[in-house]
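**Student:** next one to model:
(one chain, ligands or ions: 1)
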Amino acid sequence: MGEVRDMPPAWFAGPPVSWSVGTASNKQGTIRMSALFSPGRIGSLEIENRIVVSPMCQYSAVDGVAQPWHLIHVGGLMMSGAGLVIVEATAVEEIGRGTHGCLGLYHDDQEAALAGMLDEARKLSSARIGIQLTHCGRKASTRTIPERWKGEPLPAEEGAWTPVAPSALAFDGHWPVPEELDEVGIERIIAAFADSARRAARAGFDLVEIHGAHGYLVHNFLSPMSNRRSDQWGGTRANRMRFAIEIARAVRSVLPSDIALGFRINSTDWHPDGSSLEDAVALARALEEVGVDYAVMSAGNIAPGISIPPASPGHQVPFATEIKKRTGLVAMAVGMIAQPQQAEAIVGNGEADFVALARPMLDNPRWGLHAAAALGADIRYPPQYIRARPNNWLGFGFVHPEATPPDTSLQLDRPRSVSWDRPMSRA
Ligand SMILES: Cc1cc2nc3c(=O)[nH]c(=O)nc-3n(C[C@H](O)[C@H](O)[C@H](O)COP(=O)(O)O)c2cc1C
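**Tutor:** From the prediction side, this is the model:
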């Protein structure tokens, strides 16, 4: 191992800090300002950087109630360095759950469990915490991901239920035919979104995101491929948007103004008979009018068998850029944003205001901390973990040879005069 110490990374005990980009300065000279690590704002909610943990279903709830796993999962992500962590798609009524393992927020026990989880999670970092509210529509009543290899729709013997949708059209041939919602059912679900939002506010969330994509109920109403109605909830674009807008209006009306409201928009169905990017922009503008603060732009999944362009790094970023250019909403990009420099460029070039990451955060729940070192930003670690900071741990540079962490006295683990194995000995 001695040999390894003879080959320190480039930044080890280097010259005074002097990076070429940016304008701010510190005692050591000019420092680079990272756009990704600059503070941001959604509505009146201030967020310490532009990194968001995208909602990710965990299939680990019992009767919709959060379990210890949820605290472990969300708690771990609170220590990722992200400024905002959004809790998984959470159903607004029982038949709106995707699986028996999905979270719900339509019962006092569910609210109490999430409130308890939030109390604990908040002790871990100052990241903001949001929740995504959903109704799975015709894609409800499926097996959880670990069980899905057996087939997606739940069989009767595993507790299947009849899903609901704008029209009685199954997602696919072997999927259950959903019950067509009548006016009473539609109003019930709009009210359920508002009720869950009220519960989310009481539980202490900073932000609520309405799930309007991925082939779930709100998307079912928006897309002409799943909505064949001829009443006020279907047909024209304005009619197909009505359900989404009424939900957003109802949710906004019950949320205190300091709680941010977002919407996951389907950018395109990737099909000539489906919704287009122009539909998405029209929806975004209408949502802005009823008080939605941000849009996160996803795409696809309205029906199986549609050929879509192969995913590539940042493949959905142009959709967020379109929203940023053509509406007043805060624009969030998601999808294969995995590298710090890539994320930095998206925010720095003004392609999106925030970047949301899902699988990169599962892969590396310290993604944001490592990204900070890669981009020369100085962010706080959980106090319990400061001995792994680049300024306290020689090994950091060997594990992350590409990093250019700033020379900093932030969160030193011992007096600066004591320098055994401390890499940043420039002072
Ligand atoms: C395990 C897992 C669960 C997910 N659950 C949700 C969810 O609850 N709500 C949602 O809108 N998207 C969900 N997604 C999609 C992600 O939020 C994200 O949009 C997608 O994975 C693309 O981002 P990525 O390339 O960073 O993974 C999930 C993705 C994963 C991997």
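**Student:** quick one: the strands in the stretch 151-300 of the chain?
**Tutor:** Using DSSP state E, counting those that start in this stretch, the strands found in the stretch 151-300 of the chain span residues 164-165, 179-180, 207-212, 260-266, 294-298.
**Student:** now render these as TSV, adding distance to the ligand.
**Tutor:** In this view, the C-beta of every residue, glycine as well, is placed from N, C-alpha and C. Listed next are those as TSV, based on distance: least, Cβ to the nearest ligand atom, whole Å:
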stretch	distance to the ligand
strand 164-165	18
strand 179-180	24
strand 207-212	5
strand 260-266	5
strand 294-298	5
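**Student:** with mean neighbour count and mean pLDDT added, can I get the ones you listed in JSON lines?
**Tutor:** Formatted as JSON lines, those follow (neighbours: other Cβ atoms under 10 Å; pLDDT from 0 to 100):
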{"stretch": "strand 164-165", "mean neighbour count": "25", "mean pLDDT": "98"}
{"stretch": "strand 179-180", "mean neighbour count": "14", "mean pLDDT": "98"}
{"stretch": "strand 207-212", "mean neighbour count": "27", "mean pLDDT": "99"}
{"stretch": "strand 260-266", "mean neighbour count": "28", "mean pLDDT": "98"}
{"stretch": "strand 294-298", "mean neighbour count": "29", "mean pLDDT": "98"}
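**Student:** just send those strands back as CSV, with distance to N392 too.
**Tutor:** Shown next, in CSV, are the strands of the stretch 151-300 of the chain (distance: least, Cβ to Cβ, whole Å):
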stretch, distance to N392
strand 164-165, 55
strand 179-180, 59
strand 207-212, 33
strand 260-266, 35
strand 294-298, 35
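**Student:** quick one: closest of the ones you listed to E351.
**Tutor:** Nearest to E351 among the strands of the stretch 151-300 of the chain is strand 294-298 (11.1 Å), distances taken as Cβ to Cβ.
**Student:** what's the angle from that closest one to strand 260-266?
**Tutor:** 20 degrees (axes from the mean of the first three to the mean of the last three Cα atoms, to 10 degrees).
**Student:** what parts of the stretch 51-200 of the chain come near the ligand?
**Tutor:** S54, P55, M56, C57, E88, A89, Q132 (Cβ under 6 Å from any ligand atom).
**Student:** again, only this time at 5 Å
**Tutor:** Counting by Cβ under 5 Å from any ligand atom, the stretch 51-200 of the chain comes close to the ligand at S54, P55, M56, C57, E88, A89.
**Student:** return the member of those nearest to A303.
**Tutor:** A89 (19.2 Å).
**Student:** ok so that closest one is a strand residue?
**Tutor:** Yes: under DSSP: H, G, I helix; E, B strand; the rest coil, A89 falls within a strand.
**Student:** dump the residue contacts of it.
**Tutor:** Shown in contact with A89 (Cβ atoms under 8 Å, 6 or more residues apart in numbering): P55, C57, G98, C102, L103, Q132, L133, T134, C136, H211, Y216.
**Student:** so which of those belong to strands?
**Tutor:** L103, Q132, L133, T134, H211 (DSSP state E).
**Student:** pick the one among those closest to P178.
**Tutor:** T134 (15.4 Å).
**Student:** the closest one: how many residues sit nearby?
**Tutor:** For T134, the neighbour count with other Cβ atoms under 10 Å is 32.
**Student:** cool, D195 as well?
**Tutor:** Neighbours of D195 (other Cβ under 10 Å): 17.
**Student:** check what pLDDT it gets.
**Tutor:** Per-residue pLDDT puts D195 at 98.
**Student:** for the ligand, what are the nearby residues on the stretch 301-427 of the chain?
**Tutor:** V334, G335, M336, L357, A358, R359.
**Student:** switch the cut-off to 8 Å
**Tutor:** Within the stretch 301-427 of the chain, the positions adjacent to the ligand are 311, 316, 334-338, 356-362 by Cβ under 8 Å from any ligand atom.
**Student:** among the residues you listed, name the ones in helices.
**Tutor:** With DSSP state H as the criterion, helices contain R359, P360, M361, L362 from among those.
**Student:** the ligand: which of those residues is nearest?
**Tutor:** Among those, R359 lies closest to the ligand (Cβ to the nearest ligand atom), at 3.5 Å.
**Student:** so how far is A358 from the residue nearest to that closest one when sequence neighbours are not counted?
**Tutor:** Of all residues not flanking R359 in the chain, A338 sits nearest, at 7.7 Å (Cβ to Cβ, 6 or more residues apart in numbering). Distance, A338 to A358, using Cβ to Cβ, to the nearest Å: 10 Å.
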